[in-house]
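**Q** everything below, folded, please.
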Amino acid sequence: VLIFGGITGWIGQMMNQLCQDKGIAVHNAESRIENRGDVEAELDRIKPSHVLMSAGITGRPNIDWCEDHKPETMRVNVIGTLNV
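**A** Sure thing, here's the model as predicted:
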């Protein structure tokens with residue numbers, strides 16, 4: 001299993017722990033989802049049986065950041081998800 005968002009994301013970390021608890025081999029993606037070439041290379045290198053997607057921008061310090069940074073939010077949350 002390859003998890004996008006499993007390194008720093010709350011949901012991704014929970015998915016990672018659930019997989020480990022079940023004895024499932026799990027890898028946390030290192031590529032940025034908005035970089036299609038890096039995503040493809042990581043998928044080709046790891047060749048996972050399953051991919052779990054939980055990566056995305058939620059806004060720091062709060063959701064207002066996303067409203068003020070719409071291009072960056074769209075690039076990650078929409079285009080990045082399509083890349084995966």
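**Q** report the contact partners of L52.
**A** Taking Cβ atoms under 8 Å, 6 or more residues apart in numbering, we find L52 in contact with V1, L2, I3, F4, G6, G12, M15. Heads up, the C-betas are built off the backbone N, CA and C, glycines and all.
**Q** and the strands in the protein?
**A** Using DSSP state E, the strands of the chain run over residues 2-4, 27-28, 51-53.
**Q** ranking the ones you listed by burial, who's on top?
**A** Greatest average neighbour count among the strands of the chain goes to strand 2-4 (a mean of 24), per mean count of other Cβ atoms under 10 Å.
**Q** can you map out the helices along this structure?
**A** Using DSSP state H, the helices of the chain run over residues 10-21, 36-46, 64-68, 70-74, 81-83.
**Q** please work out the average pLDDT along the fourth one.
**A** Right, helix 70-74. Averaging pLDDT along helix 70-74 yields 93.
**Q** cool, and the first one?
**A** For helix 10-21, the per-residue pLDDT values average out at 96.
**Q** residues of it that come out buried?
**A** Within helix 10-21, the residues that count as buried by 16 or more other Cβ atoms under 10 Å are G12, Q13, M15, N16, C19.
**Q** Throw the residues you listed into JSON lines and include distance to E40, thanks.
**A** What follows is the buried residues of helix 10-21, written out as JSON lines (distance: Cβ to Cβ, whole Å):
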{"residue": "G12", "distance to E40": "20"}
{"residue": "Q13", "distance to E40": "24"}
{"residue": "M15", "distance to E40": "22"}
{"residue": "N16", "distance to E40": "22"}
{"residue": "C19", "distance to E40": "23"}
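**Q** output the below-cut-off pLDDT ranges for this protein.
**A** Of all residues in the chain, none has pLDDT under 70.
**Q** might you report the residue contacts of E72?
**A** Per Cβ under 8 Å, 6+ apart, neighbours of E72: I57.
**Q** V84 too?
**A** Here V84 is in contact with F4, I33, V39, V51, M53, A55 (criterion: Cβ under 8 Å, 6+ apart).
**Q** check contacts around the last one.
**A** Same thing as A55. Applying Cβ under 8 Å, 6+ apart to A55 gives the contacts F4, G5, G9, G12, A29, I33, V76, G80, T81, V84.
**Q** nothing else from me, thank you.
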